[in-house]
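>>> need a structure here:
(2 chains)
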Amino acid sequence: MLQRPRGTADVLDPKEAERWQWLESTARRVCARAGFSEVRTPTFEATELFARTSGESSDVVQKEMYTFQDQGGRALTLRPESTASVVRAYQEAKLSGVHKFYYLQAHFRYERPQKGRLREHHQFGCEILGTDAPLADAELIGAAWTFLSEAGLGDLMVSLNSIGDPNCRPAYRQALQAYYRPHQAELCTDCQRRLEDNPLRLLDCKQDGCQALKTGAPKSRQYLCSACQEHFREVLRLLDQVGIRHQFDDLLVRGLDYYTRTVFAISHAALGAQSDVCGGGRYDQLSEAIGGEPLPGVGFGLGLERLLISLGESDRVAQPVRLYLAVTSEQMQGPALALAMELRRSGLTVEVELARRSLKAQFRRADKEGFSHVGVFGPDEMASGALTVRDLLAGKESRHPTTELANILRTGAPAL
RNA sequence: GUGGAUGUAGCUCAGAUGGUUAGAGCGCCAGGUUGUGGCCCUGGAGGCCGGGGGUUCAAGUCCCCUCAUUCACCCCA
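The predicted structure follows:
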């Protein structure tokens, strides 16, 4: 039989669907309170948008994009990330001033799948555009922090670094190259290439040989110009002030070229090698890379599949009242459905048995599927306009007029 | 893209050196007498052994290819 494409996933287990909905609504709630409004950008964009912002030499652009040509010969790409799109949209709409956006969107990268890494994955992300104030960095990181806490991820720690701006980064790159050149022979093949291509990336190589060289490598912080230094110091100070646990990590660099100054990540051990659940940073020159007016910004992206893995299987959804309406015979199914619809209209969660099975089997099923109550609807009940209700947790049973059911059950007293 | 592991019932897995009707546990369905769950007992359904090709008298078992999953690398959310 035909299967779903590699690296994609279906969500059809009701429990899992509920987890997704709960997570998404948590994100929306956190954003609404902090004044972020939702932005939705096209699923595909001009290939050039990503090529120019992420960087021609980045892995994303070199080998991970889903690129195709449409009937009109346009080169298009399924978005591998959303920041470039959001900046593009801001500029295209000729907005001005500070804007705060969030998105919940699917992203596509042609990669080899493994735990916490899919070809289509979903990210919740926030962007603050139009200001380079350190306060924006702090608020943005705060949004990710608040969201993760509310989602229930414990023991959070933000790692961050500053990788400078166009004024000071060139000097740092040169310093790195100068340091590594004499050791070139000891580097892994990837790092030999990086030495010319993208020296900053030398710092997050995990090969033993390269790892050893890192300790003596020059640190970006020592090369920051005074403006970047001041900016970073202020970001750190603000994080302290708002109570966000963080640690300075001078080996942290990001894979996308558009980052400037602040870069950060939040990781979680449950994810194995894909430990970063959230990553982001500042991108003050991105807009110009796509031919726009200067527009500073900071943003983060947070992988929802990864977060769901980190959160584990825990059922954090309180069990609400759910009534399973059982019937004593097939003849009662019609009247039972009518009753179910009436009860639903008054706000109750009610399910009726669709297959023909014995009362016993209906009870068994209600129990298995975690219903809180079973209503038995038979001739006696119908004649008296009542329903026999059994509380499955308490094991108690009683009969009530159907008109009073909604109130009795909704006010929740588990024991009737 | 590179390297390793895996793929047998809905799920977790057994099936030594190839040999007759492919098994278990859990789950599912039905019963254990009158309109009632969780425990227990009995019975039942359910498997092109991921797919294709090959070797052989004979393949779930051996070989090749392919698809998928998984772990690591690369990289990233």
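
>>> quick one: secondary structure of residue A:404?
Of the three states, residue A:404 takes helix under DSSP: H, G, I helix; E, B strand; the rest coil.

>>> Return the residues in contact with it.
For residue A:404, the contact set (CB atoms under 8 Å, 6 or more residues apart in numbering) is empty. (C-beta placed from N, C-alpha, C; glycine too.)

>>> go on, residue A:258?
A:53-55, A:83-84, A:283, A:285-286, A:289.

>>> ditto for residue A:232
Contacts of residue A:232 (CB under 8 Å, 6+ apart): A:134, A:162, A:221, A:224, A:261-262.

>>> so how far is stretch A:32-42 off the chain centroid?
Centre-to-centre, stretch A:32-42 and its host chain are 14 Å apart (CA atoms, centre = their mean, to the nearest Å).

>>> in that stretch, what counts as buried?
A:34, A:36, A:39, A:41 (16 or more other CB atoms under 10 Å).

>>> What mean pLDDT does it get?
Stretch A:32-42 carries an average pLDDT of 96.

>>> Dump the C-alpha coordinates for that stretch into PDB.
Extracted C-alpha coordinates of stretch A:32-42, given in PDB (Å, rounded to 0.1, in the frame of the first residue of the first chain):
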ATOM      1  CA  ALA A  32      -1.800  37.300  23.100                       C
ATOM      2  CA  ARG A  33      -0.900  38.400  26.600                       C
ATOM      3  CA  ALA A  34       2.500  39.800  25.500                       C
ATOM      4  CA  GLY A  35       1.100  41.600  22.400                       C
ATOM      5  CA  PHE A  36       2.400  39.400  19.700                       C
ATOM      6  CA  SER A  37      -0.100  39.000  16.800                       C
ATOM      7  CA  GLU A  38      -0.200  36.100  14.500                       C
ATOM      8  CA  VAL A  39       1.400  36.200  11.100                       C
ATOM      9  CA  ARG A  40       0.800  33.600   8.400                       C
ATOM     10  CA  THR A  41       3.200  33.500   5.400                       C
ATOM     11  CA  PRO A  42       3.000  31.500   2.200                       C
END
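
>>> Identify all contacting residues around it.
Under CB under 8 Å, 6+ apart, the answer for stretch A:32-42 is A:28, A:31, A:79, A:82, A:85-86, A:88-89, A:100-105, A:126-127, A:139, A:142-143, A:146.

>>> Out of those, list just those in helices.
A:28, A:31, A:85-86, A:88-89, A:139, A:142-143, A:146 (DSSP state H).

>>> which among those residues end up buried?
A:31, A:85-86, A:88-89, A:139, A:142-143, A:146.

>>> what's the farthest-apart pair in these?
Pairwise distances across these (CB to CB) peak at 27.4 Å, for the pair A:88 and A:146.

>>> what stretches of the stretch 101-250 of chain A score poorly on pLDDT?
Of all residues in the stretch 101-250 of chain A, none has pLDDT under 70.

>>> all helices for it, in order.
For the stretch 101-250 of chain A, the helices defined by DSSP state H, counting those that start in this stretch occupy A:134-151, A:169-180, A:189-197, A:208-214, A:220-223, A:226-242.

>>> What residue, apart from its backbone neighbours, is nearest the one residue in the stretch 51-200 of chain A that gets nearest to RNA strand B spatially?
RNA strand B sits closest to residue A:115 of the stretch 51-200 of chain A, with a gap of 2.5 Å, by CB to the nearest atom of the strand. Closest residue to residue A:115 apart from its sequence neighbours, by CB to CB, 6 or more residues apart in numbering: residue A:272 at 5.5 Å.

>>> Number of residues surrounding the one you found?
Number of residues near residue A:272 (other CB atoms under 10 Å) recorded here: 11.

>>> for residue A:14, same thing?
9.
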